[in-house]
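**Q** just coords:
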């Protein structure tokens with residue numbers, strides 16, 4: 001197994017333990033485990049932030065209720 005695959009596997013195993021408080025599936029590869037975990041996340045909308053110092057296309061955050069766009 002390559003060094004990159006080992007790091008991905010280790011991170012996926014650790015994240016699985018934190019999220020589900022159980023041992024990760026022994027037969028699943030790290031990339032597959034991350035894919036399974038990410039598919040369970042809810043969809044989130046984003047709005048853009050304006051800044052004179054940063055490119056607008058590079059900034060975003062989850063929308064929060066009560067917040068107006070551009071402020």
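**A** Yep, it's here. Computed from a predicted model, the values in this text were never measured in an experiment.
**Q** Residue 28: what's it in contact with?
**A** Residue 28 makes contacts with residue 36, as judged by CB atoms under 8 Å, 6 or more residues apart in numbering. C-beta here means a position set from N, CA and C on the backbone, and glycine is covered the same way.
**Q** Quickly find the element holding it.
**A** Residue 28 belongs to no helix or strand when elements are defined using DSSP states H and E.
**Q** Ok, residue 13 next?
**A** helix 3-20.
**Q** looking only at pLDDT, what's the mean for the next helix or strand after that helix?
**A** Moving toward the C-terminus from helix 3-20, the next helix or strand (DSSP H and E) is helix 30-39. In this model, helix 30-39 has a mean pLDDT of 90.
**Q** in helix 30-39, what counts as buried?
**A** 30, 33-34 (16 or more other CB atoms under 10 Å).
**Q** contacting residues around that helix?
**A** 5, 8-13, 15-16, 19, 24-25, 28.
**Q** From those, keep the buried residues only.
**A** 8-9, 12-13, 16, 24, 28.
**Q** Adding distance to residue 42, write these out as JSON lines.
**A** Below are these laid out as JSON lines (distance: CB to CB, whole Å):
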{"residue": "8", "distance to residue 42": "24"}
{"residue": "9", "distance to residue 42": "26"}
{"residue": "12", "distance to residue 42": "20"}
{"residue": "13", "distance to residue 42": "23"}
{"residue": "16", "distance to residue 42": "19"}
{"residue": "24", "distance to residue 42": "22"}
{"residue": "28", "distance to residue 42": "22"}
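**Q** what's the nearest residue to residue 22 if we skip its chain neighbours?
**A** Nearest residue to residue 22 in three dimensions, chain neighbours excluded: residue 16, at 7.7 Å (CB to CB, 6 or more residues apart in numbering).
**Q** which residues does that neighbour contact?
**A** Here residue 16 is in contact with 22-25, 33, 37 (CB under 8 Å, 6+ apart).
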